[in-house]
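Novice: generate a structure from the sequence data that follows.
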Amino acid sequence: MRAVIVLGAGVCGLTTATVLAETGHAVQVLAASLPPETTSNVAAAFWYPYRTPPSERSVQRAVASYQQFARLCSVPAAGVSMRRAFDFARHPLPRPWWADAVRGLVAIDPADAPPGFAHGWSFDAPVIDTRSYLPYLMQRLHDAGGVVQTQHVGSLDDLRGTEPVINCCGLGARTLCDDAALHPIRGQLVHVDNPGLEHVLLDEHDGGGIAYAVPRGDHIVLGGTATEHDDDLRVRPSEADAIVERCAELDPRLRSAARRAVVVGLRPGRHDVRLEREPTADRVIIHNYGHGGAGVTLSWGCAHEVLRLLESP
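Specialist: This next block holds a predicted model:
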């Protein structure tokens, strides 16, 4: 059994740690914050390759994650469900680059689109309720013998020993790795009572601000914003109003839905995911960070890629 240190306990860190522990590695997770205090807890968390550069590698990661989430729909404790998603646009959209990753992709008939929308695509999308899903991952990790410890790691040099280190620190890698390409993308969300919406609704193609409505049982997560190089975690009431108004264009019932909460999180933005093996004089480091708005969507695919890198000669 090989000892491994995983840094970070967001969705990518916990997924990676779980995959490693369940394949026989002795995993220790070190993280400055644990669920429910991670950025992953704030995410609307449904499968969608948001702000992910189109590439064969991205598709492979997204496919692996989609397939795993589809299997988890039959595990009640995981909090994963499959819902129909409608990705609307005000102009014709080409077939998505990730189309082969999903089930049931069909073009939306303009007659079925909300007023002002002319096209789009619908598909089956896993929705991940992080209130259940992150504790589920923690339990799986524990059951596989993994250990989780709260500890801030300011430098990789602070870690004693020669065990391989898997860096899943998200935005924390800015200082940990001195990665100037990594930057915060501020996201604000509004939680409202569910007026009867069963499907995921999206509009992210028209330049007027993104909109998405993600049902999670008795409430809906409405988004959102994606402000580059903005690390302000304070709630902005005017943005909350604008989010609700954009989402109400997709379903007017959302305009009057009672608001439960407004939350803010910082996505780890980068031009592409950094997933690579970095040998050093003392140990092997594998980086797995910079997932932008697609941490959940790429999590399982990236975790299995980390496993292959770890076990390669």
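Novice: mind listing the strands for the stretch 151-300 of the chain?
Specialist: In the stretch 151-300 of the chain, the strands defined using DSSP state E, counting those that start in this stretch lie at 165-167, 183-193, 200-203, 211-216, 219-223, 227-228, 259-269, 274-279, 284-289.
Novice: who touches the closest residue to residue 242 other than its chain neighbours in this structure?
Specialist: Nearest residue to residue 242 in three dimensions, chain neighbours excluded: residue 209, at 6.6 Å (Cβ to Cβ, 6 or more residues apart in numbering). No exception for glycine: its C-beta is placed from N, CA and C like everyone else's. Going by Cβ atoms under 8 Å, 6 or more residues apart in numbering, residue 209 touches 225, 242, 243, 246.
Novice: would a markdown table of the residues you listed with neighbour count be doable?
Specialist: Shown next, in a markdown table, are these (neighbours: other Cβ atoms under 10 Å):
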| residue | neighbour count |
| --- | --- |
| 225 | 18 |
| 242 | 17 |
| 243 | 26 |
| 246 | 21 |
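Novice: low-confidence ranges in the stretch 1-150 of the chain?
Specialist: Residue ranges of the stretch 1-150 of the chain with pLDDT under 70: 1.
Novice: and the helices in it?
Specialist: Assigned by DSSP state H, counting those that start in this stretch, the helices in the stretch 1-150 of the chain fall at 11-22, 39-42, 56-72, 130-143.
Novice: for the longest one, what is the distance to the chain centroid?
Specialist: So that's helix 56-72. Put simply, helix 56-72 sits 12 Å off its chain's centre (Cα atoms, centre = their mean, to the nearest Å).
Novice: angle of it against helix 11-22?
Specialist: 70 degrees (axes from the mean of the first three to the mean of the last three Cα atoms, to 10 degrees).
Novice: repeat for the last one
Specialist: Compare the direction of helix 130-143 with that of helix 11-22 by the same axes, to 10 degrees and you get 30 degrees.
Novice: kindly export helix 130-143 (C-alpha atoms) in PDB.
Specialist: What follows is helix 130-143, C-alpha atoms only, in PDB (Å, rounded to 0.1, in the frame of the first residue of the first chain):
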ATOM      1  CA  THR A 130     -23.600  19.100  -2.600                       C
ATOM      2  CA  ARG A 131     -25.400  19.100   0.800                       C
ATOM      3  CA  SER A 132     -25.500  15.300   0.500                       C
ATOM      4  CA  TYR A 133     -22.800  14.600  -2.100                       C
ATOM      5  CA  LEU A 134     -19.800  16.000  -0.300                       C
ATOM      6  CA  PRO A 135     -20.600  14.100   2.900                       C
ATOM      7  CA  TYR A 136     -21.100  11.000   0.800                       C
ATOM      8  CA  LEU A 137     -17.600  11.400  -0.700                       C
ATOM      9  CA  MET A 138     -16.200  11.900   2.800                       C
ATOM     10  CA  GLN A 139     -17.900   8.700   4.000                       C
ATOM     11  CA  ARG A 140     -16.600   6.700   1.000                       C
ATOM     12  CA  LEU A 141     -13.100   8.000   1.700                       C
ATOM     13  CA  HIS A 142     -13.400   7.100   5.300                       C
ATOM     14  CA  ASP A 143     -14.700   3.600   4.500                       C
END
